[in-house]
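Q: Next input, structure requested:
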Amino acid sequence: MEKIIANQSINVNDEGYLTNHSQWNREIGHAIAQEEGIEMTDHHWKVVDYLQEQHKNDVPLTIRRVGKSGVVDIKGFYELFPKGPLKTSSKIAGIPKPASCI
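A: Predicted structure coming up:
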């Protein structure tokens with residue numbers, strides 16, 4: 001289905017995750033973050049960049065893997081994205097919901 005995000009028509013699934021990553025840009029990521037109640041900082045963007053890089057390389061994402069990445073520890077990950085760190089950060093990054101998320 002289509003949804004208007006940052007004044008652009010974007011394809012999303014019924015949970016709000018982008019279905020076409022090529023439609024993603026930082027403006028869209030910022031708008032999704034606002035919808036999720038998150039004010040993006042440089043640290044948030046570093047996590048988003050890491051997630052996108054891992055997704056591009058077909059690396060399965062887990063909270064533990066992100067916590068061991070050196071980008072952010074698990075406690076910091078939860079502080080940055082308190083409502084479900086991996087689900088929320090993946091949505092902001094414009095990548096599919098990781099299989100490890102319910």
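
Q: C-alpha from now on. contacts and neighbour counts both.
A: Fine.

Q: Quick one: low-confidence residue ranges for this protein.
A: Applying pLDDT under 70 to the chain flags the ranges 102.

Q: quick one: the helices in it?
A: Using DSSP state H, the helices assigned to the chain run over residues 26-35, 42-56, 63-67, 74-80, 85-93.

Q: how far does the fourth one sit from the chain's center?
A: Helix 74-80 has its C-alpha centroid displaced from the chain centroid by 14 Å (C-alpha atoms, centre = their mean, to the nearest Å).

Q: now swap in the third one and tell me
A: Mean C-alpha position of helix 63-67 versus that of the full chain (C-alpha atoms, centre = their mean) differs by 14 Å.

Q: which of the helices of the chain sits most buried?
A: helix 85-93 (a mean of 24; mean count of other C-alpha atoms under 10 Å).

Q: can you list contacts of it?
A: Outside helix 85-93, the residues that touch it by C-alpha atoms under 8 Å, 6 or more residues apart in numbering are 16-18, 24, 28-30, 32-33, 36, 47-49, 51-52, 62-63, 77-78, 81, 96-98, 101.

Q: what residues are up against the residue lying closest to residue 46 once chain neighbours are set aside?
A: For residue 46, ignoring the flanking residues on the chain, the nearest one in space by C-alpha to C-alpha, 6 or more residues apart in numbering is residue 71 at 6.9 Å. With contacts defined as C-alpha under 8 Å, 6+ apart, the neighbours of residue 71 are 46, 47, 50.

Q: What's the separation between residue 71 and residue 11?
A: Separation of residue 71 from residue 11 (C-alpha to C-alpha, to the nearest Å): 29 Å.
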